[in-house]
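Trainee: Here is a sequence together with a model predicted from it:
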Amino acid sequence: MSDEPNDPQTDGGTASEPASKEPKEFEEHPLEWDEPENNDKAPEDRKSVSRPAEKFDDRKLVTGQAKYTADYEQRFPDLAHAAVVRSTVPHGRVTAIETDEAEEMDGVYAVLTPWSDAAPDAKYTSAGQSYPEPSPWDMNVLNEHVRYVGDPIAAVAAEDAAAAASAVESIEVEYEEYDHVVDPEEAFDEDAPQLFDDDEVENKIVGHDYDRNRMSNIEGEIGDVDAAIDRDDVHVHETEWETIRQSHAQIEKHTSLAYTDEDDRKVLVTSTQVPNHTRRQLAHLFDIPIRDIRVKKPRVGGGFGGKQAMVVEPLPLALSLAADRPVMYEASRDEEFYAMRSRHPMTVRARTAVTDDGEIEAIDLYALSNTGAYGSHGMTVAGNVGSKPMPLYSKVPNARFEADIVHTNTPQTGAMRGYGAPQGTLALEGHLDEVARDLDLDPIEFRRDHYMEVGDLDEIAGMMGGEGAERRIRSCGLDECVERGKAAIGWDELEQPAEDHLHRGIGMALSAQGTGVAGDELGAAQLMMNEDGSFHLQVGGVDIGTGADTAFIQIAAEVLGCDEDDIIVKSSDTDNTPFDYGAYASSTTYISGMAVKKAAEDAKERILDWASRMLDEPAENLETRDGEVYSEETGDAVTLEDIGYESVYGHDDREHILGKGTHSTEESPPPFAAQFVDVTVDEETGEFEVNELVVAVDCGVAINPGMAEGQVEGANHMSFEMAVSEGITVDERGRAEVSDFDQYGLPSATETPPIESILVETHEPTGPFGAKSVAEVPTNTVPPALSNAIREAVGVRINEMPITAEKIKAALEER
């Protein structure tokens, strides 16, 4: 497959239908996809793909040999440790910083303030996204104007963590404190305290209005929603939904180590999802050529979107330059909750127009997103509130989405697994369930009459993306997901408890996601053959614990016909591995994996050429299998090892066999999920017990089914947390009221209900061996499915997350 989508078919339609019968847009979005023959393999013909290969780093992880950023400390005997002075007021201006005592302390190497020469003063966004970033440049590394409790003001480098902490404690900060606002509805008011002046922001985003604290406004529409809602023959339903400020809760904290190497180049060893974006952003901030910055990602102990941002890297680099020594900054667990990133809390309002017989004539969603003090990922996350869940119902003729993204004096938000889809899915799937109940319709059949199927042109996903942003659906397993999920949960066999005060209900919700960002991704890979027939795979794709490295090996081994153990993968070092946008938007297997496939195919072409000479057979007669190249006509074979030695040591000709692959695409095929939740509710107390979670996922062909199931279960646990945990609450001054895991209330293994994950295989022709994404779509569905289950069990609707016994009891008393 080429780097870009194939040209449309010349007839403008499928092979069975003439062009005259197809609308014009079919030419731009053909249903048939000209995929390579080797991309669509029957299950029995797969040797590495869709097999349970051992995860590449499992043994290193369980033996403690895997190296995380903090483990690099021992390599630098002169390493300094960093600590940060953070704002104690929600809004104000720093008028003075007293650093004399800190600077005089033994073991303190550098102290930086907003006015230090070594502190960059350029504006930037921490969002680790494409260039130019679709987020405003509204941040400074160290701040004079502070906008939330936690804003970095000063930083210290000292001989150890204790000395750095002592130095920070000694620094005194004086403020001119301003009025502040923590409620997004109030922040949007014209009389609210203003967080930004226009001249404090660069790269402003569409729809901004800083006089009203609005970072962006976005909207899109297909059809005519108002006309549909105004019709006399429809029922208009309106609901409102609230979501929480959720923490990523990674085990490994944000950690970054900076030093200058022997060539006077700046090196960052850092726990990141986006090495190349971080390199580019550091070059901008420090006015250093990109060529003179190296970013290396070791093992990452969890990202979930929280490290899809340049959150901490500028601080150790600035301190390293000032102290002239390596510096490492490791955030505290407390800082993780109040000074790093979280999911955007939102209010989402849903409205539909539905006929008596259950035809949805219009869907209208509005989101008010609290982006916190800064705008990192604000617009793009809010856009996904509409562009991910609404396309599920591609047969609805009229659809509209609007969002306001508003600043408040609260901790920063950012990218998080699901990236806006959980908020939108809660609102839409909860709303549709309520509509079905109001009209006495089966909630599954009501959805089935409107949801996507193969062949649909999804215009809703593109309604805010401009001309040509639509997508043709070429794979969709929704029907099978629903049926298998129903059977697994016992949808038609529900038995009520014997006790009169206990009531059992099952709720369901559907979800779609994306696979990468259409037209805005790039992955590259290089494969080097060794003389013994083994391979080194260099790939920019970032493994953040998901098993991406293993998937890359399986993809390459499937092409090369070798054992997985014969491939060593090296990834995510901007000096030594090819370019890649990074691990986000569920793109890694789909984008980076296709680059790996292309690199393996490129190397295979050279391997077959050498085998052709050695076997005196035409290359088109040859194929690879079980570590050798064999003739399909004669049965003669030569091993990959023989080819490796001959290619580099041969007498007549020599070549180092290399394969290169680059992949980008305008496609973003959606994976699908059907979620089912079984709950028992005590009507006397409101207490409830979730008996089981079942989630069936269409992720195309699972490259590694075991890893895919792990992703599904982890995502569903995160979704369960969003439904039942308080998240990060803030007080009246915007201060996070959570400082550790005990306070945060992350559901433990014993508090999490059984999760049954079901993989539904379809074939996505645009993905490597039919794969599409899996890691995010199950993150979206537990909150609406649980709300729907409680509605089924006791007849009350909880539309403000988290769902608690107190809210259920109060709703029951109000009936």
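Mentor: That came in fine, so what should we check first?
Trainee: Run through this protein and note the low-pLDDT ranges.
Mentor: Low-confidence regions of the chain, defined here as pLDDT under 70, cover residues 1-27, 465-469.
Trainee: can you list the domains in it?
Mentor: For the chain, whose domains are defined here by automatic domain parsing, the residue ranges read 1-34, 46-65+522-663, 476-515+669-815.
Trainee: First-to-last residue distance for the last one?
Mentor: In other words, domain 476-515+669-815. 40 Å (CA to CA, to the nearest Å).
Trainee: And for the second one?
Mentor: With CA to CA as the measure, the ends of domain 46-65+522-663 fall 23 Å from one another.
Trainee: Next, report how far the lengthiest strand in the chain is displaced from the centre of its chain.
Mentor: Once the chain is assigned using DSSP state E, the strand that runs over the most residues is strand 360-372. Taking CA atoms, centre = their mean, to the nearest Å, the mean C-alpha location of strand 360-372 is offset from the chain mean by 20 Å.
Trainee: before we move on, what about stretch 39-50?
Mentor: When distances are taken as CA atoms, centre = their mean, stretch 39-50 is centred 27 Å away from the chain's centroid.
Trainee: on that earlier part again, what's the longest strand of the chain packed up against?
Mentor: Contacting strand 360-372 under the criterion 3 or more CB pairs under 8 Å, 6 or more residues apart in numbering; DSSP states H and E are the following elements: helix 184-187, helix 225-229, strand 346-354, helix 378-387, strand 398-407, helix 421-438. Placement of C-beta: from N, CA and C, glycine included.
Trainee: Each with direction, which strands does that strand pair with?
Mentor: The partner list of strand 360-372 in its sheet, established with DSSP bridges, is strand 346-354 (antiparallel), strand 398-407 (parallel).
Trainee: Would you map the strands across the stretch 151-300 of the chain?
Mentor: Shown for the stretch 151-300 of the chain, the strands assigned by DSSP state E, counting those that start in this stretch span residues 152-158, 172-177, 214-222, 235-242, 255-260, 266-270, 293-296.
Trainee: Tell me which of the strands paired with strand 360-372 sits most buried.
Mentor: Greatest average neighbour count among the strands paired with strand 360-372 goes to strand 398-407 (a mean of 25), per mean count of other CB atoms under 10 Å.
Trainee: is it true that Asp698 touches Gly477?
Mentor: Yes: Asp698 sits in contact with Gly477 when judged by CB atoms under 8 Å, with a separation of 3.2 Å.
Trainee: Please say which of the two ends up with more neighbours.
Mentor: Comparing Asp698 with Gly477 by other CB atoms under 10 Å, the one with more neighbours is Asp698, at 26 against 23.
Trainee: In the longest strand of the chain, which residues are buried?
Mentor: In terms of neighbour count (16 or more other CB atoms under 10 Å), strand 360-372 has its buried residues at 360-372.
Trainee: Repeat that for stretch 71-90.
Mentor: Neighbour-count burial for stretch 71-90, counted by 16+ other CB under 10 Å, picks out 71-73, 79-90.
Trainee: May I have it as CSV, with CA atoms only?
Mentor: Output for stretch 71-90, consisting of C-alpha atoms alone and laid out as CSV, is shown next (Å, rounded to 0.1, in the frame of the first residue of the first chain):
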residue,chain,number,x,y,z
ASP,A,71,17.1,4.3,36.6
TYR,A,72,19.5,6.4,34.6
GLU,A,73,20.5,8.3,37.7
GLN,A,74,23.2,5.8,38.5
ARG,A,75,24.9,6.6,35.2
PHE,A,76,25.7,10.2,36.1
PRO,A,77,27.9,10.6,39.3
ASP,A,78,27.5,14.4,39.1
LEU,A,79,23.8,14.3,38.7
ALA,A,80,21.7,17.1,40.3
HIS,A,81,18.1,16.8,41.3
ALA,A,82,15.5,19.4,40.6
ALA,A,83,12.6,20.7,42.7
VAL,A,84,10.0,23.3,41.8
VAL,A,85,8.4,26.3,43.6
ARG,A,86,4.8,26.4,42.7
SER,A,87,2.1,29.0,43.1
THR,A,88,0.1,29.0,46.3
VAL,A,89,-2.5,31.4,45.0
PRO,A,90,-5.0,30.6,42.3
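Trainee: need the longest helix for this protein.
Mentor: What stands out as the longest helix in the chain, according to DSSP state H, is helix 593-615.
Trainee: Could you double-check that Asp636 lies in contact with Leu622?
Mentor: No: using CB under 8 Å, Asp636 makes no contact with Leu622, being 9.5 Å away.
Trainee: Quick check: neighbours shared by those two?
Mentor: Shared contacts of Asp636 and Leu622 (CB atoms under 8 Å, 6 or more residues apart in numbering): 615, 630.
Trainee: residues in contact with Met528?
Mentor: Taking CB under 8 Å, 6+ apart as the definition, contacts of Met528 comprise 535-538, 656-658.
Trainee: Buried subset of those, written for PyMOL?
Mentor: Taking 16+ other CB under 10 Å as the burial criterion, the selection of buried members of the contacts of Met528 in PyMOL is written as:
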select buried, resi 535+537+538+657
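Trainee: Is it possible to get TSV of the contacts of Met528 that adds secondary structure and distance to Ala585?
Mentor: Output for these, formatted as TSV (DSSP: H, G, I helix; E, B strand; the rest coil; distance: CB to CB, whole Å):
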residue	secondary structure	distance to Ala585
Phe535	strand	28
His536	strand	28
Leu537	strand	22
Gln538	strand	22
His656	coil	35
Ile657	coil	33
Leu658	strand	29
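Trainee: Closest one of the contacts of Met528 to His277?
Mentor: Proximity of the contacts of Met528 to His277, judged by CB to CB, is greatest for Gln538, which lies at 18.8 Å.
Trainee: That closest one contacts Asn576, doesn't it?
Mentor: Yes: applying CB under 8 Å, one finds Gln538 in contact with Asn576, separated by 6.7 Å.
Trainee: Would you mind listing the residues touching both of the two?
Mentor: Among the neighbours of Gln538, those also in contact with Asn576 (CB under 8 Å, 6+ apart) are Lys570.
Trainee: Doesn't Gly659 belong to a strand?
Mentor: Yes: the secondary structure assignment for Gly659 places it in a strand, going by DSSP: H, G, I helix; E, B strand; the rest coil.
Trainee: circling back to that earlier point, got the buried residues for the next helix or strand after the longest helix of the chain?
Mentor: Scanning forward in sequence from helix 593-615 by DSSP states H and E, the next helix or strand is strand 622-625. For strand 622-625, the neighbour count (16+ other CB under 10 Å) marks 622-624 as buried.
Trainee: how about the nearest residue to Phe446, chain neighbours excluded?
Mentor: The spatially closest residue to Phe446, leaving aside those adjacent along the chain, is Ala436, at 4.4 Å (CB to CB, 6 or more residues apart in numbering).
Trainee: Neighbours of the one you found, how many?
Mentor: When neighbours are counted by other CB under 10 Å, Ala436 registers 19.
Trainee: List the contacts of it.
Mentor: Taking CB under 8 Å, 6+ apart as the contact definition, Ala436 lies against 358, 442-443, 446.
Trainee: mind listing which of these are in helices?
Mentor: Counting by DSSP H, those place 443, 446 in helices.
Trainee: The contacts of Met528: which two are farthest apart?
Mentor: In terms of CB to CB, these reach their longest pairwise distance at Leu537 and His656, which sit 14.9 Å apart.
Trainee: anything in contact with each of Asp698 and Gly477?
Mentor: 672, 760-762.
Trainee: These into TSV, with extra columns for neighbour count, distance to Met310 and secondary structure?
Mentor: As requested, the shared contacts of Asp698 and Gly477 are arranged in TSV below (neighbours: other CB atoms under 10 Å; distance: CB to CB, whole Å; DSSP: H, G, I helix; E, B strand; the rest coil):
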residue	neighbour count	distance to Met310	secondary structure
Phe672	28	33	strand
Val760	24	37	strand
Glu761	16	38	coil
Thr762	21	36	coil
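Trainee: That'll do, ta.
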